[in-house]
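K.L.:
here is my input; please provide its structure:
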Amino acid sequence: MSDTRVEHLTTSGVFTLDGGSWEVDNNVWLVGDDDEVVVIDAPHDPAAIVEAVDGRRVVAVLCTHGHNDHVNAAPAVAEATGAPILLHPEDRVLWDMTHPDRAPDGELADGQSLKVGGTELTVLHTPGHAPGAVCLYAPDLGVLFSGDTLFQGGPGATGRSYSDFPTIVESIRRRLLSLPEETVVNTGHGDSTTIGAEAPHLQEWLYRGQ
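P.N.:
Predicted coordinates for the structure are as follows:
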């Protein structure tokens, strides 16, 4: 257990949706120990991700959602490591925009438990940014991997197809703000935060959603 750790790298590329393109920096999170890891999101640069894996067994490539800037390197990482790609089924519509000829290998489901390196990740379905968006909670580590559901200062974007602001606010209120305040939130883009730091913003989000 003491050897279980969280590792981080950043990759850069382009996010595309609804006919637009945006340059983005994405966070990639590895959770595990000296023998095995999971990769949480695989964007842009498969070689950099495989290098960070450093020969360890990859239990799975976990996709927090199906936007291209979170999954475009997933097949290459899976091929290089032999790992399965897991995605919530409600995000297949987004996945298929990037990988129409390559399905994920398995599904993520709300409440599902994934074990790696002596710790456990619990899948929390948190729709809003995308219909199949999930967060991954590691209570032993005191860490939540929020994808694009929750950022430092507010919820993920909901101005594009397959997203909905009231839904994301409800996901955050119901599924995330009930976690311990000291829980570290490792996000899909930008700096990490904590549940306690974001909780005071909830009333502002609820007001905006009315």
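K.L.:
distance of Thr149 relative to Gly142?
P.N.:
According to C-beta to C-beta, to the nearest Å, Thr149 and Gly142 sit 18 Å apart. Backbone N, C-alpha and C define where each C-beta goes, glycine included.
K.L.:
higher neighbour count, the two?
P.N.:
Thr149 (28 against 14; other C-beta atoms under 10 Å).
K.L.:
so what's the more buried one up against?
P.N.:
Shown in contact with Thr149 (C-beta atoms under 8 Å, 6 or more residues apart in numbering): 64, 126, 128-129, 133, 135, 155-156, 168, 171-172, 176.
K.L.:
my reading is that Asp3 lies in a helix. Confirm?
P.N.:
No - under DSSP: H, G, I helix; E, B strand; the rest coil, Asp3 falls outside any helix and is assigned coil.
K.L.:
what about Leu114, neighbour count?
P.N.:
Burial measure for Leu114: 18 neighbouring residues, criterion other C-beta under 10 Å.
K.L.:
and what of Gly154?
P.N.:
Around Gly154 there are 16 residues (other C-beta under 10 Å).
K.L.:
contacts only, for it.
P.N.:
Applying C-beta under 8 Å, 6+ apart, the residues near Gly154 are 198, 201, 205.
K.L.:
flag the shaky bits of the chain, pLDDT-wise.
P.N.:
1-2, 203, 206-210 (pLDDT under 70).
K.L.:
how about the strands in it?
P.N.:
5-17, 20-32, 36-40, 57-62, 85-87, 106-107, 113-116, 119-125, 134-138, 143-147, 150-151, 154-155, 184-187, 193-194 (DSSP state E).
K.L.:
looking at those, which is buried most?
P.N.:
Mean neighbour count (mean count of other C-beta atoms under 10 Å) peaks for strand 143-147 among these, with a mean of 27.
K.L.:
relative to the whole chain's centre, how far out is it?
P.N.:
Computed by C-alpha atoms, centre = their mean, to the nearest Å, the chain-centroid distance of strand 143-147 equals 7 Å.
K.L.:
what do you get for stretch 138-151?
P.N.:
Per C-alpha atoms, centre = their mean, the centroid offset for stretch 138-151 relative to its chain is 8 Å.
K.L.:
so which of the strands of the chain gets nearest Asn68?
P.N.:
strand 5-17 (5.7 Å; C-beta to C-beta).
K.L.:
from the contacts of Gly154, which would you call buried?
P.N.:
The neighbour-count criterion (16 or more other C-beta atoms under 10 Å) marks 198, 205 among the contacts of Gly154 as buried.
K.L.:
nearest to Asp25, of the contacts of Gly154?
P.N.:
For the contacts of Gly154, the nearest to Asp25 is Glu198 (20.5 Å; C-beta to C-beta).
K.L.:
show me what contacts the residue lying closest to the closest one once chain neighbours are set aside?
P.N.:
Closest residue in space to Glu198, ignoring its immediate chain neighbours: Leu150 at 6.2 Å, by C-beta to C-beta, 6 or more residues apart in numbering. By C-beta under 8 Å, 6+ apart, the contact set of Leu150 is 135, 144, 156, 172, 176, 185, 187, 193, 198.
K.L.:
got phi/psi on Asp34?
P.N.:
phi -70, psi -20 (degrees, to the nearest 10).
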